[in-house]
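[1] below are the sequence and a predicted model for it; my questions follow.
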Amino acid sequence: MYPVLRKLLFSLEPETAHDFSLECLGAAERLKLLSLFTPSVEDSPVELLGLTFPNAVGLSAGLDKNGDYFNALGQLGFGFVEIGTVTPEPQAGNPKPRMFRLAEHEAIINRMGFNNKGVDYLVDRVKNRRFDGILGINIGKNKVTAEEDALSDYEIAMEKVYPYADYITVNISSPNTPGLRNLQFGDNLDRLLEGLAIKQAQLSEQHGRRVPVLIKIAPDMNEEEVASISQTFLKHKVDGVIATNTTLDKSTVSDSPHAEEMGGLSGAPLTQQSTLVIKQLRAHLGGDMPIIGVGGIQQGSDAIEKLTAGANLVQVYSGFIYRGPALITDIRKAVAAHHALA
Ligand SMILES: Cc1cc2nc3c(=O)[nH]c(=O)nc-3n(C[C@H](O)[C@H](O)[C@H](O)COP(=O)(O)O)c2cc1C
């Protein structure tokens, strides 16, 4: 059914199609129609981060930025859903258009710029949780917050989402917030991780529950940079890594009419680049640190490559736009077969 629906959706401007499909999904959930689409694939739980993930396939951050639709999205068969990126204060994001389909490459370029309704709105939404899978909440900094004050934005957001999140993702890798990616390197990263660990310890004490904090990184790194970031992650004992966000490298799509658009590229052209970063991370982090692999998973075999490179779980975004809910079943089946062989 999705190929037909996709024809209709792809005839609309990308952000309009995005908003419209989420509205429809929300309505279908309210009318209790979604259970008709819930895949009949057996759960294959994964124990990680002190949590039990019903299956290894998650929805990546950015699709449900405000937490309006995670209950509905969860019913499509995801083992985990990551909402956000949410910032302490609401912000409009960049001017539209800011999302572009490169259909011939099964890719997307976006420069949304963390458009979201702010953390208080999202917290109100997650109070109405019906989704019984794992809920991740991805936090970021406001555009107007100076780079040197980034920690305080992450602390504010972390404090507010902490009671409701199964895990928290600290996004330091969006290419659409000026200067954000500088937080991935050197003293900036060291100071940020030190501050986050202190906050996490305080909140853990206060709530009597330790919520794992993962760091989401960009794919635009050479191996030396991956080695260095890995050493800092190990030093601060971060709970896990999400690799990767979108890429700034558009060389693979230079024939597209949208190739010159500013923003991050995701989907099929990102598959190999993100898998390579996962492989390098695993080599430098050793076997114990959890890695969630994301970037260009368009079919089951792409997910298996991420797992073979060293990821423990996978997430999808662009592939879900191009393939629809069938992608989730496809990956879940491939992962189950892969585990059965292992
Ligand atoms: C339109 C769009 C918006 C996104 N917004 C966010 C975001 O707010 N926070 C975030 O961490 N990642 C965001 N991402 C990145 C995705 O979560 C994912 O890391 C990236 O797209 C690579 O996966 P994919 O190739 O399966 O799309 C966004 C991606 C797209 C296409």
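    Received, thanks. The shown structure was predicted, so the numbers you read here are calculated from the model rather than taken from an experiment.

[2] list the residues that contact residue 220.
    With contacts defined as C-beta atoms under 8 Å, 6 or more residues apart in numbering, residue 220 is in contact with 181, 247-249. For every residue, glycine as well, the C-beta is placed using N, CA and C.

[3] again, 10 Å this time
    When contacts are counted by C-beta atoms under 10 Å, 6 or more residues apart in numbering, residue 220 touches 173, 175, 181, 184, 244-249, 264, 273, 277.

[4] of all of the stretch 51-200 of the chain, which residue lies closest to the ligand?
    residue 62 (2.1 Å; C-beta to the nearest ligand atom).

[5] just give me the neighbour total for the closest residue to that residue other than its chain neighbours.
    Closest residue to residue 62 apart from its sequence neighbours, by C-beta to C-beta, 6 or more residues apart in numbering: residue 317 at 6.2 Å. Neighbour count of residue 317, defined by other C-beta atoms under 10 Å: 21.

[6] I'd like the distance between residue 317 and the ligand.
    3 Å (C-beta to the nearest ligand atom, to the nearest Å).

[7] partners of the host helix or strand of residue 81 in the sheet?
    Here residue 81 sits within strand 80-86, counting by DSSP states H and E. Note on strand 80-86: by DSSP bridges, its sheet partners are strand 57-59 (parallel), strand 134-139 (parallel).

[8] quick one, which of the ones you listed gets closest to residue 91.
    Across these, residue 91 has its closest neighbour in strand 134-139 (13.4 Å, C-beta to C-beta).

[9] got the end-to-end distance for stretch 40-55?
    13 Å (C-alpha to C-alpha, to the nearest Å).

[10] any buried residues in that stretch, and which?
    Neighbour counts over stretch 40-55 (16 or more other C-beta atoms under 10 Å) mark 41, 44, 46, 48-49, 51, 53-55 as buried.

[11] and the residue nearest to residue 330 when sequence neighbours are not counted, how many neighbours?
    Closest residue in space to residue 330, ignoring its immediate chain neighbours: residue 300 at 4.6 Å, by C-beta to C-beta, 6+ apart. For residue 300, the tally of surrounding residues (other C-beta under 10 Å) stands at 20.

[12] next: residue 126.
    By other C-beta under 10 Å, the residues close to residue 126 number 18.

[13] next one: residue 203
    The burial count for residue 203: 19, using other C-beta under 10 Å.

[14] same check, this time on the one 5 residues further on
    Neighbours of residue 208 under the rule other C-beta under 10 Å: 6.

[15] so it versus residue 162, what's the distance?
    Taking C-beta to C-beta, to the nearest Å as the measure, residue 208 falls 12 Å from residue 162.

[16] likewise for residue 241?
    Taking C-beta to C-beta, one finds residue 241 at 20 Å from residue 162.

[17] ok, these two, which is more surrounded?
    residue 241 (25 against 21).

[18] could the strands paired with strand 80-86 go into a markdown table alongside distance to the ligand?
    Shown next, in a markdown table, are the strands paired with strand 80-86 (distance: least, C-beta to the nearest ligand atom, whole Å):
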| stretch | distance to the ligand |
| --- | --- |
| strand 57-59 | 9 |
| strand 134-139 | 5 |
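
[19] need those strands in a markdown table (columns: mean neighbour count and mean pLDDT).
    A markdown table is the format used below for those (neighbours: other C-beta atoms under 10 Å; pLDDT from 0 to 100):
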| stretch | mean neighbour count | mean pLDDT |
| --- | --- | --- |
| strand 57-59 | 26 | 98 |
| strand 134-139 | 25 | 98 |
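
[20] those residues of the stretch 201-342 of the chain touching the ligand, which are they?
    Contact residues, the stretch 201-342 of the chain versus the ligand (C-beta under 6 Å from any ligand atom): 216, 245-246, 266-267, 270, 294-297, 316-319.

[21] need those residues in CSV with pLDDT and secondary structure, can you?
    Listed next are those as CSV, based on pLDDT from 0 to 100; DSSP: H, G, I helix; E, B strand; the rest coil:
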residue, pLDDT, secondary structure
216, 98, strand
245, 98, coil
246, 98, coil
266, 98, strand
267, 98, strand
270, 98, helix
294, 98, strand
295, 98, coil
296, 98, coil
297, 99, coil
316, 98, strand
317, 98, coil
318, 98, helix
319, 98, helix
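
[22] can you add distance to residue 113 and give those back as TSV?
    Listed next are those as TSV, based on distance: C-beta to C-beta, whole Å:
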residue	distance to residue 113
216	16
245	14
246	13
266	15
267	19
270	19
294	20
295	20
296	22
297	24
316	22
317	16
318	18
319	23
